[in-house]
Structures are given as C-alpha cells and as structure tokens.
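> have a look at this prediction, sequence included:
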Amino acid sequence: MASYRGFIVAPHIFAITILIGSAFGALVPAPARAETAEKTYFFATRDACMTSGVFTPQECAAAFANARAQLRDKAPRYSESGECHLHFRMCEPIQADASIDDSLSDEPADRPAFAPSALGVEIVAAPRGVEAAPTLAVDTPQRLFAYFPVSRSYEAEIEDKELRESAAILAPDRFVLFSKHKAFTGEVRFAAAALGTIKGPAGAQTSASETREQRRLRLKNAPFIP
C-alpha cells in the first residue's frame with residue numbers, strides 16, 4: 001500500500017514541477033533566451049518586431065523610438081532632394097533648423113530640407129543587453145549610427161546634453177567682470193605726449209572757417225596713436 005501510494009504521489013509531484021517550470025519559462029523575457037543571444041534581427045516596422053515574439057513589446061517600442069531619435073540627430077541634411085537621393089537613395093523632407101545665415105537671407109525660413117529615411121531597425125541581443133540602430137538603404141559607417149541600448153532613451157540623453165551645455169553659460173546677472181584679477185586702486189597719470197596733443201586751430205568758429213586743404217594738412221601732421 002505504501003509503495004502504491006508512493007507511486008501515486010510521485011507523478012503528482014513531477015507534474016507540479018513541470019507546471020511550475022513552464023510558468024517560469026513563460027515569465028522569462030524572449031531576449032534572454034539562448035536562441036536570440038548574439039543574433040542580429042532586422043524589422044521594417046515596430047509591429048513586425050512585436051509580432052515576431054523575439055523581443056518584448058517594450059523593447060520593440062524603445063528600439064524604434066531610439067532609432068528615430070538617432071536618425072534625426074545624426075543624419076546629414078541636404079537642401080536639395082536630388083543630392084540626398086544621390087547619397088542615400090531613400091530620403092524624406094524634414095523641417096530644417098534655422099541658422100544665422102538663413103535668418104539674414106531673403107529665402108523663406110520654413111523651406112524644407114531633406115534627410116535619409118530608414119529602411120527599418122536592426123536589433124541585437126548583445127551580452128550587455130538589447131541594442132538597436134537604424135538601417136538605411138545604403139551602407140553607412142558604423143560610427144554614424146552605433147547600436148544604442150533599448151534600456152535607455154536616446155531622446156532623453158539629447159535633452160540632458162543640451163541642458164548641461166546651456167547651464168555652462170552663465171545668466172547675464174551672474175557675470176563678474178575680471179573676477180580672477182585683483183582690482184587696481186593706484187593713481188593713473190598720462191603724459192601729454194601719450195595723450196596725443198594736437199596743436200592747431202581750435203574752437204567752433206575756427207573749425208568752421210578751416211578749408212579742406214588746411215584740415216587735410218592738420219590731420220597729416222597730427223601724431224599717430226596706435
């Protein structure tokens with residue numbers, strides 16, 4: 001009887017173990033599985049990434065958001081559509097940032113610029129985490145669009161960088177002139193020669209009656225002060 005009960009209990013324990021193991025496996029994110037490690041996947045759309053089940057929906061959304069921000073931040077701009085298509089084949093119009101030269105020109109300020117558009121996004125399950133980068137229609141240098149981790153926001157890092165750069169510029173009320181120099185409190189005297197004493201006609205009446213030749217001669221003989 002004991003052996004019979006032992007035989008009955010053991011399968012139940014085994015079944016419970018299998019059930020718990022299956023539930024635990026379902027909770028493990030897809031990118032953490034061995035079959036995705038060190039593999040690069042290309043997705044044309046975010047929905048295709050989510051449908052594949054290779055990466056989690058959160059990772060797919062973050063990958064495409066970072067790729068758009070990275071493309072907008074680092075992609076070159078062209079004033080002509082033909083020039084952009086010549087280099088990257090696939091381009092789209094964007095709103096160009098106004099520069100000092102543009103503000104001084106007679107051209108409309110809202111004229112569009114052209115930038116390359118992405119074919120999709122490459123996502124790789126690297127040892128340090130899931131990373132992604134935009135993919136263009138032509139080969140681009142790796143340093144142009146490097147893989148960026150989906151665990152961080154590329155847009156947020158750009159904003160933080162701009163805030164740090166703007167914080168480095170002091171406000172007008174915080175400027176201190178010559179703050180690193182000791183104030184000079186001595187008496188300053190200038191010699192007459194240093195002041196460039198000019199001998200010649202003086203006064204409003206004399207200046208009014210001075211001819212052009214006299215004025216030219218007076219300025220010619222005046223001492224030069226560099």
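Cool, the structure landed.
> got the contact list for stretch 129-142?
Stretch 129-142 is touched from outside by 31, 42, 55, 59, 62-64, 66-68, 70-71, 87-90, 116-124, 145-151, with contacts defined as Cβ atoms under 8 Å, 6 or more residues apart in numbering. Heads up, the C-betas are built off the backbone N, CA and C, glycines and all.
> quick one: buried residues of the helix or strand hosting residue 216?
Element membership of residue 216 [criterion: DSSP states H and E] is helix 212-221. Along helix 212-221, not one residue counts as buried under the neighbour rule (16 or more other Cβ atoms under 10 Å).
> stretch 79-87 too?
Buried, per 16+ other Cβ under 10 Å, within stretch 79-87: residue 84.
> equivalent analysis for stretch 47-65, please.
By 16+ other Cβ under 10 Å, the buried positions in stretch 47-65 come out as 49, 50, 54, 55, 56, 59, 60, 62, 63, 64, 65.
> just the ones in helices from the contacts of stretch 129-142, please.
Using DSSP state H, the subset of those located in helices is 59, 62, 63, 64, 66, 67, 68, 70, 71, 87, 88.
> residues touching the last one, list them.
The contact partners of residue 88, by Cβ under 8 Å, 6+ apart, come to 116, 117, 136, 137, 138.
> confidence score at the third one?
At residue 136, the predicted lDDT confidence score is 89.
> equivalent analysis for the first one, please.
Confidence per residue is given as pLDDT, and for residue 116 that number is 91.
> list the beta-bridge partners for it.
On the basis of DSSP bridges, residue 116 is bridged to residue 91.
> what's the average pLDDT for stretch 217-226?
Confidence over stretch 217-226 (mean pLDDT, whole number) is 66.
> mind jotting down where the strands sit in the protein?
For the chain, applying DSSP state E gives strands covering 40-43, 91-95, 112-116, 120-126, 129-135, 148-149.
> flag every buried residue along the second one.
Taking 16+ other Cβ under 10 Å as the neighbour-count basis, strand 91-95 is seen to contain the buried residues residue 91.
> and the contacts of that strand?
Residues outside strand 91-95 that contact it (Cβ under 8 Å, 6+ apart) are 72, 77-78, 81, 84-85, 110, 112-117.
> closest one of these to residue 213?
Ranked by distance to residue 213 (Cβ to Cβ), the contacts of strand 91-95 are led by residue 110 at 57.3 Å.
> show the model's pLDDT score for the closest one.
Reading off the model, residue 110 has pLDDT 64.
> kindly report the same for residue 170.
pLDDT at residue 170 comes out at 58.
> same deal with residue 122?
Per-residue confidence (pLDDT) for residue 122: 93.
> for the buried residues of stretch 47-65, which two are the farthest from each other?
Maximum pairwise distance among these (Cβ to Cβ): 17.8 Å, between 54 and 65.
> in this structure residue 59 contacts residue 150, no?
Yes: counting by Cβ atoms under 8 Å, residue 150 is a contact partner of residue 59 at 5.0 Å.
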